[in-house]
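Q: here is the input, now give the coordinates:
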Amino acid sequence: MKHSVSQKLRVAVLGATGATGRHVVAAGLRSGHDVVALTRRPRSFEPSRGLTEFAWPDVTDPGPLADAFMGVDAVISTIGGPARGPATVCTDAIDAAVPAMVKAGVSRLIVVSAHGVLESHDRSLFSILAWAGVGEKLKDKETMEPLITSSGLEWTIVRPPTLKNAPPAGNYKVGEDLPIRLWHAIGRADLAAFLIHEAEVARFVRQYPRIHR
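A: Below you'll find the predicted structure:
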């Protein structure tokens, strides 16, 4: 989905080398924005006009974020954590990023969480199976979200269902009360397009939009 952009932004992407993060970096550059990619290792991307990399090997360390967030208009986090086992990476990253954003004067934060977290943890078959399959990742996001909502920042917490590696379709649905069924999913490219668009228009400030095809 292509959007018209009236203002060039500088967007920092946490989890930039992840499966979704790479799509966000690419979508931001395609939209004409400057993108700051936070990566575990330097030179994780091919050099590209508008792209700046900052190494952030330890997500509990806010030190590298001081320089990375200078002049940034919005921070997008796509950090997801390991596929199996206990994890605190989402919580740790946001715990480090929020004070660094405040110090740098960056107020806009957009974070990918998951449907089934906190009040969206309902009795639906989707939630039951999600918690059975990736419950440790969802626990991490449940401790992450309160750090965001109590931060005073202009946050948006996106709660997608299953993520897929699929070509962009551009006809996704978005809404706070959007029903999520077991068969619903969203391609990472479409999710990335929405995240960049939300950085541009700030439609869902302090809201929990859901998204699916």
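Q: quick one: residues contacting the residue of the chain positioned farthest from its centre.
A: Distance from the C-alpha centroid of the chain peaks at R123, with 25.5 Å (CA atoms, centre = their mean). Counting by CB atoms under 8 Å, 6 or more residues apart in numbering, R123 touches no other residue. Placement of C-beta: from N, CA and C, glycine included.
Q: okay, and it sits in which element?
A: For R123, there is no helix or strand it lies in under DSSP states H and E.
Q: how far does stretch 100-112 sit from the chain's center?
A: On the basis of CA atoms, centre = their mean, to the nearest Å, stretch 100-112 sits 12 Å off its chain's mean C-alpha point.
Q: contact partners of that stretch?
A: Stretch 100-112 is contacted from outside by 12, 20, 62, 65-66, 69-70, 72-80, 94, 97-98, 144, 148, 151-158, 160, 191, 195, 198-199, 202, using CB under 8 Å, 6+ apart.
Q: next, the buried residues of that stretch.
A: Under the neighbour-count criterion of 16 or more other CB atoms under 10 Å, stretch 100-112 has A100, M101, A104, V106, S107, R108, L109, I110, V111, V112 buried.
Q: would you turn the residues you listed into CSV with pLDDT and secondary structure?
A: Converted to CSV, those look like this (pLDDT from 0 to 100; DSSP: H, G, I helix; E, B strand; the rest coil):
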residue, pLDDT, secondary structure
A100, 98, helix
M101, 98, helix
A104, 97, helix
V106, 98, coil
S107, 98, coil
R108, 98, strand
L109, 98, strand
I110, 99, strand
V111, 98, strand
V112, 98, strand
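Q: now the top helix by length along the chain: buried residues?
A: In the chain, assigned by DSSP state H, the helix with the most residues is helix 125-149. Residues 126-127, 130-131, 134, 136-142, 144-145, 147-148 are the ones in helix 125-149 that count as buried (16+ other CB under 10 Å).
Q: so what's L14 closest to, chain neighbours aside?
A: Leaving aside its chain neighbours, L14 sits nearest to S77 (4.1 Å; criterion: CB to CB, 6 or more residues apart in numbering).
Q: bridging residues for the one you found?
A: Applying DSSP bridges to S77 gives these bridge partners: L14, V111.
Q: if we can go back for a sec, which elements pack onto the longest helix of the chain?
A: Judged by 3 or more CB pairs under 8 Å, 6 or more residues apart in numbering; DSSP states H and E, helix 125-149 is in contact with helix 89-104, strand 108-112, strand 154-158.
Q: try 7 Å
A: With contacts defined as 3 or more CB pairs under 7 Å, 6 or more residues apart in numbering; DSSP states H and E, the packing partners of helix 125-149 are helix 89-104, strand 154-158.
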